[in-house]
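S.K.: predicted model and sequence follow; I will ask about them next.
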Amino acid sequence: MKQGVQGSAGTQGAARVPVQQRARDMARERDTVEPGARGEHTHSEQPSPTLGFARAGAPPSQPRAVVQRSSVRGQIVDALRTALVAGELRPGEVYSAPVLGERFGVSATPVREAMQQLALEGAVEVVPNRGFRVVERGARELAELAEVRGLIEVPVMLRLARTVPAERWAELRPLAEETARAASSGCAATYAESDRAFHRAVLSLSGNEQLVQIAEDLHRRSQWPLVGGPVRHGRAELVADAAEHTALLDALIARDVDGVRALVGEHFAGAS
């Protein structure tokens, strides 16, 4: 009986070895096959020709597929924000993800995801079975945003005017100059981006990241188009607004608190 049992065990052990070896061999073979050849879905399939992302089988130095998808979505969000500020997406109009996807040279999926992000920000609203409607805003909402921004940013700027060294303010000079160049171009979308960058840099000196994020959101909302016109500001108004950045920076460097108070008050009043 003991011999029978041992023989049985020995037979089973002998049978298991080739099976395990074969499994390892199959695993190695599987690892050498490209994901696409196995029929697995990769996010790099059918990349946007206009966005220039790497195709499947690109060298390891190229961005990974999962990062590419996130990048596509992020670029579409930025493109939609630019189109919104420039008046290319008009208040009250409904836009479908497939149509916008054709415009950007991508599928409807990243556009839909980007539009959902804009819906969270309040720029658009979902229209079931149709797409997304650009929110209609009036002068009252713009004035309310300017008031809230003033309540948040003005006290912070006054505190920073008393505490931040002049050399730190001087480091922001290139950003102020960039707003002037953007204003001279007459492009509202280009100026909007440089305008936010300047204000973000100023508020970042407070060291309060939550404050910076809230102010950024309010600032972005204040740049959306109003009902009745695609672009709120003309070139002359943009240039005047940018000049206030330079004057504000000069006052901050000089620690002219009264001058800072007057300038930021005028700046936010003009934003309304």
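M.R.: That came through, no problem.
S.K.: would you map the helices across this structure?
M.R.: Secondary structure of the chain (DSSP state H): helices at 2-31, 65-86, 97-104, 108-121, 139-163, 166-170, 173-185, 188-204, 209-222, 235-253, 257-271.
S.K.: per-residue pLDDT of the nearest residue to residue 187 once chain neighbours are set aside, please?
M.R.: Spatial nearest neighbour of residue 187, chain neighbours left out: residue 86 (7.4 Å); criterion: C-beta to C-beta, 6 or more residues apart in numbering. Heads up, the C-betas are built off the backbone N, CA and C, glycines and all. You'll see residue 86 listed with a pLDDT of 87.
S.K.: next: residue 267.
M.R.: On pLDDT, residue 267 comes in at 82.
S.K.: before we move on, what about residue 219?
M.R.: 94.
S.K.: one more: the one 10 residues further on?
M.R.: pLDDT for residue 229: 54.
S.K.: before we move on, the earlier item: give me the number of residues near the residue nearest to residue 187?
M.R.: 16 (other C-beta atoms under 10 Å).
S.K.: then residue 122?
M.R.: Neighbour tally, residue 122, other C-beta under 10 Å: 13.
S.K.: show me the contacts for it.
M.R.: By C-beta atoms under 8 Å, 6 or more residues apart in numbering, residue 122 lies in contact with 135, 221.
S.K.: tell me how far it lies from residue 222.
M.R.: According to C-beta to C-beta, to the nearest Å, residue 122 stands 12 Å off from residue 222.
S.K.: could you list the low-pLDDT ranges of the stretch 1-150 of the chain?
M.R.: Residue ranges of the stretch 1-150 of the chain with pLDDT under 70: 1-70.
S.K.: before we move on, what about the stretch 151-272 of the chain?
M.R.: Within the stretch 151-272 of the chain, the stretches with pLDDT under 70 are 228-233, 270-272.
S.K.: now do 90
M.R.: Applying pLDDT under 90 to the stretch 151-272 of the chain picks out residues 187-188, 223-235, 264-272.
S.K.: burial measure for the closest residue in space to residue 157 that isn't next to it in sequence, as a count.
M.R.: Leaving aside its chain neighbours, residue 157 sits nearest to residue 264 (5.4 Å; criterion: C-beta to C-beta, 6+ apart). Applying other C-beta under 10 Å, we find 24 residues neighbouring residue 264.
S.K.: contacting residues around residue 264?
M.R.: Going by C-beta under 8 Å, 6+ apart, the list of residues near residue 264 reads 150, 153, 154, 157, 158, 248.
S.K.: among those residues, find me the one that's closest to residue 170.
M.R.: Distance to residue 170 across the contacts of residue 264 (C-beta to C-beta) is lowest for residue 248, with 13.3 Å.
S.K.: quick one: contacts for the closest one?
M.R.: By C-beta under 8 Å, 6+ apart, the residues touching residue 248 are 157, 260, 263, 264, 267.
S.K.: check residue 99 too.
M.R.: Shown in contact with residue 99 (C-beta under 8 Å, 6+ apart): residue 131.
S.K.: same check, this time on residue 132
M.R.: Neighbouring residues of residue 132 by C-beta under 8 Å, 6+ apart: 94, 95, 96, 97, 115, 118, 119, 124, 125, 126.
S.K.: ok, and the most crowded of the contacts of residue 264?
M.R.: Neighbour counts for the contacts of residue 264 peak at residue 248, which has 25 neighbours (criterion: other C-beta under 10 Å).
S.K.: distance-wise, check that one relative to residue 173.
M.R.: With distances taken as C-beta to C-beta, residue 248 is found 12 Å from residue 173.
S.K.: check residue 257 too.
M.R.: Going from residue 257 to residue 173 by C-beta to C-beta gives 20 Å.
S.K.: just the CA coordinates for stretch 156-173, please, in CSV.
M.R.: Only the C-alpha atoms of stretch 156-173 are listed here, as CSV (Å, rounded to 0.1, in the frame of the first residue of the first chain):
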residue,chain,number,x,y,z
VAL,A,156,-4.6,90.1,0.4
MET,A,157,-2.8,92.5,-2.0
LEU,A,158,-2.7,95.2,0.7
ARG,A,159,-1.2,92.8,3.2
LEU,A,160,1.4,91.7,0.6
ALA,A,161,2.2,95.3,-0.2
ARG,A,162,3.3,95.7,3.4
THR,A,163,5.3,92.5,3.7
VAL,A,164,6.7,91.3,0.4
PRO,A,165,10.2,92.6,-0.4
ALA,A,166,10.6,94.8,-3.5
GLU,A,167,12.9,92.2,-5.3
ARG,A,168,10.1,89.6,-5.2
TRP,A,169,7.7,92.0,-6.9
ALA,A,170,10.4,92.9,-9.5
GLU,A,171,10.5,89.2,-10.4
LEU,A,172,6.9,89.5,-11.7
ARG,A,173,7.8,92.3,-14.2
